[in-house]
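> Turn this into a model:
(2 chains, ligands or ions: 3)
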Amino acid sequence: MLEVAVIGAGPGGLSAAARCAELGVDHVLLESSPKIASTIQKYQKGKHVMAEPGILPLRSPIEFDAGKREEILDNWETGIKAVGVKIRYGAEVKSITGEQGNFVITLTNGESLEARHVILGIGLQGNPRQLGVPGDQADVIQYTLDDPDEYKNETIAVVGAGDAAIENAIALANHNKVFIINRKDEFARAKEGNLNLMMAAIDAGTIECFYNSAPAAVELLEGQEFRANLQLKTSTGEANIPLHRIIARLGAIPPRSLVESFGIEFPNSDQNAIPALTSQYESNIKGMYVIGALGGYPLIKQAMNQGYEVVEYILGHDVKPADHDLLANKFNGLPYDLDVDGVLALMQERIPVFAGVNALQFRELMLDSKVLAPAKGAAIFQKNDYTNTFFTILEGSVDIEINAQLRISSGVGSFFGEMSLMSGRRRSATVYAGDQCVVIETPRRSMIKLIASVEAVKRVLDETFIVRTIQQKFAPNTPIAELQPIAARAKIHQYQPREVIFQEGDEADTLHFIRNGSVTVSTFIDGRDVVMSYVPANTPIGEMALLGNTTRTATVTAAVKTETISIDKASFNLLLERSSGLKERLQALVQERHAQNVALQSNTESSDLLSFLMGQGLGEATDVLLIDEDICVGCDFCEAACAATHNGTSRLNRKAGPTFAHIHVPTSCRHCEDPSCMKDCPPDAIQRGGLGGEVFIGDNCIGCGNCERNCPYGVIQMAYKTEAPDSYWRWMLFGLGQKPGKGKAAVVGESSFKQAVKCDMCKDQHGGPACVRACPTGAAMRLSPEEFVDLVNVVR
Amino acid sequence: MHTSFLSHAGGRYFWLALVLIIACCTAYLLDEPHQAPNGGTWLGYTLGTMGALLILWLLYLGRRKRNFIQGWGTVRGWVSAHVYLGGSLLVVATLHSGFQFGINIHTLAYVLMCLVIFSGGYGVWAYVTYPAARNELKRSQTLDDIFMQLEDADGQLKREIGSLAADIRGVVTSAIERTEVGGSLWAQLAAVDHSKVIIDGVVHANPDQVKVVSWLVQRLTIAEGAESKKLAGVVRDYGARQKLLRVIRADIRFNGLQEVWLYLHVPLSFGLLAALIAHIVSVFIYW
Ligand SMILES: Cc1cc2nc3c(=O)[nH]c(=O)nc-3n(C[C@H](O)[C@H](O)[C@H](O)COP(=O)(O)OP(=O)(O)OC[C@H]3O[C@@H](n4cnc5c(N)ncnc54)[C@H](O)[C@@H]3O)c2cc1C
Ligand code: SF4
Ligand code: SF4
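Ligands and ions are numbered 1, 2, ... in the order given. The predicted model follows:
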């Protein structure tokens, strides 16, 4: 029986196996693909791999430093050979049964192995979905395509209808005869650009498409011109394609269900949830350990460090994790005579929100967090700041100033800043440090991850959010304790884009408070829905009917993904009783909205414009670039200015994007409230700025391309850095160099690689966004959602 | 929120220019020099210096608008000031001349300046008028969109004629192949159409696709049965193609009209700068 079976030869698994080999532990490394580290093999050729986070030291028997993909892979190969790692390729693990000391690992080829401990490092990429037909193990079938130019004058069938299949087919069609096999009658899942390319290629006859067709079998043809025959089942019967190669791009099977079948538990069904692990990376199954991306650590160096550490833990060695010194430094100034683990334990004990978090997750959270000791009276953040970090109080107290009249004090163990964290909106209060105060500041991304994986944290934050919202918005002078019963009856609702929250004519029984997202208000006039206004987050909706009549006078629909808090009529009346002046304030709001609605109702063009803007995702925007086509002369100075101020690549595409009436929405970042691009950035390179609220990408971007895929508006590009623009006077007087604003394609430096770029709202420029400042006619404008309604009014 | 350059900052530069004009006129009317009003009086010098400085500053716009990095203010503000103060230059310089014109370098500078200002005036009009007109013409689509539609229309027609008689195929194919848009600046502005079509081996001019459409319509009268039905489709789609070409040509023409003044305005500005230097130098040497 083996001591350790390491599954997955990614950076984590390689490092673990290498440590085993170094210490003479009896082990095997099982890798499903034919080479090591399939995730890294799939990076684009020559990609510069970064060694983020820079401050974290590497601890592994094999080398890793920033460099070219090829060099790194070579280093690893020689590294594992040097220490004598026992690796088996093409060994895909299908099941694991048994328990600590006696695990049975079964491979897809039926073979099984026994081991005392299992280290799972299979990453998140999943294994490619196979054809699942007789003959699908033949070597004429491949599931990836590294370099399309490698193949010439072949007949190739690409199976699949997603973006990967289309991109491969189009690239191969340059030098080969290409068929594409689509199970459906259209390419519904593809991006628009790819779809257009595909349709053009099919029209032009460079690619032949089999619709409504699925592979039925693959037969090898010996000693003939074609290497195999692909048999298809089509809607009209059977078809046969003799060919040289089959490329199957059917997507990957996410590893979660496989991992669950091993018995490992996830806290909930959230896509981003990660299995609960101890501080020694052990899962709920004793003896089964999880490291690397699968355990929630998305970077190479982290995975490698864990590979080393986990072997030490299995052997019962008491090693400090590689990040120990980082934490020790962080805790340096704290007034405790405790070691790192002691401080961590104390923090969890003192701060109830973190009590239910497991040790490993908490450690990770603290690595991302800052420990601050602001001087008494200093502002920790200001009202209307655009920051969205989360704060907890470790020592002393803080004063939360909601408005001139209301100042609340908060003490050890409580938290603040959760409002902006949850709503993605500006800070709603100013917070001042009290005496001897020590606070922990946790970035939004880490908190979001925590909320997704620890139910208790989510519940506490939600409850607090509700009661604080009620206090701030409806009853500022009522103590929290009195509001508690009302809060307990309030509910949180989630709506998908275009889902109706309530309908005109419905009975009005609740008030909704928009916690994040935004909604449109419409009424039914002359047989169609006319959109009258747009309501952003942080405002109540549905108060009209509750105050006066009893049926809804308008339909409210989520413009984007939206969350609301609902308060029922009884609670609402209670609030009106408790809080003097609330009724008057709400009535004033109702009047204002009535006036706006009347103004808009009479005009269907402005209603259509509003709907159009919402359709372009402006409902989740905090700042967006629009162009008035009636004034735009098409000089492209906006693009030139953007390129000139941003390393030669314009982050906006003026011509692209739709136009309605004369308002054009160019392809440019909307600085979303809850940016999709931020969700899955391994080094956390995408950040949200201070007062301007701009979403920007830092220099530590590793170029993985996740954000490019995740942004629903296609505004992120992967680009090389280019040289600074030439001198104007040299161009003007002597015609030398490039016209200012025309970036050079020349790449700076040898080790340059593509990184994600997008609008950063010119946060480093004086005077604000260069695009708007460079527009000679005033056609380019940047608007916040509050200004859309004005725009629509002006348009009339 | 957003305003055009003409109303930048509530028309600040319009008022500034107006004040400047009124001040100059008042000074001119009140001034009683010992000689006939001209550039050599005390007021003449003052106005001349002002005018020269204004010209230099107006020329600087070319630099400012390409300075994307440290530029002061917004380009819209600069353009607004350029337009109004540039207009006021007409008054300043005329008063500076004291209405004394002749055939000399001084009057040359004056004339060049007027041409620059008038071409600029046209430019303002064009910038205010054409973008909206073009947007209306293209119904909020880009020119690229329309070219794409034209490409689609061409493909569609080629497929449709595939099964039709050889003469129809020849005429339509040649008409598509020999369709021309754009061309020289003049061709763009006048929307001249050099498109051709080959009928019976003879090349005919085919402006606005009229020749081919009329041929197709005639051909339709002698077509029979299935052919007639298909040909009717071709005629209809060719009509759609003709409309797209009209939009393209009109847009190119509008674009030309919107930008053509720059070809005068900019070179003349440099001519003006040279003449201005000659004017100033000669005044100091020969005076
Ligand atoms: C395009 C891109 C660029 C990136 N750039 C960087 C960068 O510059 N710097 C950086 O630090 N990080 C980068 N990352 C992130 C980095 O690749 C991952 O964090 C890292 O690969 C995770 O390592 P891992 O060992 O956990 O898993 P993986 O590297 O995913 O390795 C898992 C291995 O397990 C194998 N496997 C899967 N299932 C089975 C099974 N059932 N049986 C046997 N074997 C199995 C797989 O074939 C694979 O080889 C990038 C990611 C991408 C997608
Ligand atoms: S990049 Fe895309 S997802 Fe991210 S903020 Fe901008 S528009 Fe939103
Ligand atoms: S490409 Fe995007 S997601 Fe990936 S590291 Fe860079 S910024 Fe983050």
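
> so what's A:T464 up against?
Residues near A:T464 by Cβ atoms under 8 Å, 6 or more residues apart in numbering or on different chains: A:F415, A:E418. In this view, the C-beta of every residue, glycine as well, is placed from N, C-alpha and C.

> Next one: it relative to ligand 3, how far apart?
30 Å (Cβ to the nearest ligand atom, to the nearest Å).

> Please apply the same query to A:H244.
Counting by Cβ to the nearest ligand atom, the gap from A:H244 to ligand 3 is 35 Å.

> Report the spatially nearest residue to that residue, omitting neighbours in sequence.
Distances taken as Cβ to Cβ, 6 or more residues apart in numbering or on different chains place A:E154 nearest to A:H244, at 4.0 Å, with adjacent residues excluded.

> pLDDT score for that neighbour?
Looking at A:E154, its pLDDT reads 94.

> same deal with the one 4 residues further on?
According to the per-residue confidence, A:V158 scores 96 in pLDDT.

> which one is it nearest to, not counting chain neighbours?
A:A169 (4.3 Å).

> Shouldn't the one you found be within a strand?
No: under DSSP: H, G, I helix; E, B strand; the rest coil, A:A169 sits outside any strand and is assigned helix.

> per-residue pLDDT, residue 188?
Using chain A here. 77.

> wait, I meant chain B there
For B:Q188, pLDDT reads 85.

> which ones are touching the residue lying closest to it once chain neighbours are set aside?
With sequence-adjacent residues excluded and distances taken as Cβ to Cβ, 6+ apart, B:Q188 is closest to B:G256, at 4.1 Å. Each residue near B:G256 by Cβ under 8 Å, 6+ apart is listed here: B:L185, B:Q188, B:L189.

> Out of the residues you listed, who's the most crowded?
The most crowded member of the contacts of B:G256, judged by other Cβ atoms under 10 Å in any protein chain shown, is B:Q188 (20 neighbours).

> hang on, the earlier thing: pretty sure the residue nearest to A:V158 sits against A:V178.
Yes: using Cβ atoms under 8 Å, A:A169 makes contact with A:V178 at a distance of 5.3 Å.

> Which one of those two is surrounded by more residues?
A:A169 (32 against 25).

> Next one: A:G689 from A:H664, what distance?
Applying Cβ to Cβ, to the nearest Å, the value for A:G689 to A:H664 is 26 Å.

> Identify each of the helices in the stretch 401-550 of chain A and give its residue range.
A:418-423, A:444-453, A:455-473, A:480-489, A:543-547 (DSSP state H, counting those that start in this stretch).

> Look at A:V218 and give its secondary structure.
strand.

> which residues touch it?
Contacts of A:V218 (Cβ under 8 Å, 6+ apart): A:131, A:133-136, A:138, A:140-141, A:228-231, A:246.

> Kindly report the same for B:Q242.
B:D208, B:Q209, B:V213.

> ok, back up a step: of A:G689 and A:H664, give the one with the bigger neighbour count.
Counting neighbours by other Cβ under 10 Å for A:G689 and for A:H664 shows that A:H664 has the greater number, 24 against 16.

> Show me what from the stretch 201-350 of chain A comes close to chain B.
Proximity of the stretch 201-350 of chain A to chain B (Cβ under 8 Å from any Cβ of the partner chain) is limited to residues A:D203.

> On the pLDDT front, check the nearest residue in space to A:N403 that is not next to it in sequence for me.
Closest residue in space to A:N403, ignoring its immediate chain neighbours: A:P476 at 6.8 Å, by Cβ to Cβ, 6+ apart. Looking at A:P476, its pLDDT stands at 79.

> surely A:P476 meets A:L406?
Yes: between A:P476 and A:L406 there is a contact under Cβ under 8 Å: 5.2 Å.

> show me the contacts for A:E70.
A:E70 touches A:K45, A:G46, counting by Cβ under 8 Å, 6+ apart.

> sec struct for it, please.
Reduced to three states by three-state DSSP, A:E70 is helix.

> Distance of it relative to A:A37?
12 Å.

> ok, now A:S579?
Noted for A:S579: a distance of 61 Å to A:A37, by Cβ to Cβ.

> give me the number of residues near A:V460?
So A:V460, with other Cβ under 10 Å, has 19 neighbours.

> re the thing from before, I'd like to know how far the residue nearest to A:V158 sits from A:M199.
The value you get for A:A169 to A:M199, if Cβ to Cβ is used, is 12 Å.

> Ok, B:L85 next?
54 Å.

> who's in contact with residue 16?
Since no chain was named, I'll use chain A. Counting by Cβ under 8 Å, 6+ apart, A:A16 has contacts A:V4, A:V6, A:L29, A:I119, A:G121, A:I291, A:Q306, A:G307, A:Y308, A:V310, A:V311.

> that answer is for a different chain, and I need it for chain B
B:L16 neighbours (Cβ under 8 Å, 6+ apart): B:A81, B:Y84, B:L85.

> With A:G126 instead?
Counting by Cβ under 8 Å, 6+ apart, A:G126 has contacts A:A252, A:I253, A:P254, A:P255.

> Return the backbone torsion pair for the first one.
Taking degrees, to the nearest 10, you get phi -110, psi 150 for the backbone angles of A:A252.

> what about the strands in the stretch 151-287 of chain B?
Assigned by DSSP state E, counting those that start in this stretch, the stretch 151-287 of chain B shows strands spanning B:196-199, B:202-205.

> Which positions in the last one come out as buried?
By that I understand strand B:202-205. B:H204 (16 or more other Cβ atoms under 10 Å in any protein chain shown).

> burial measure for residue 224, as a count.
I'll assume chain A. 10.

> try again with chain B
8.

> now do A:N229
17.

> repeat for the one 4 residues further on
A total of 16 residues lie near A:K233 under the criterion other Cβ under 10 Å.

> need the contact list for the residue nearest to A:H493 when sequence neighbours are not counted.
Nearest residue to A:H493, sequence neighbours excluded (Cβ to Cβ, 6+ apart): A:T564, at 5.1 Å. Neighbouring residues of A:T564 by Cβ under 8 Å, 6+ apart: A:I492, A:H493, A:Y495, A:I501, A:H512, A:F513, A:I514, A:R515, A:I541.
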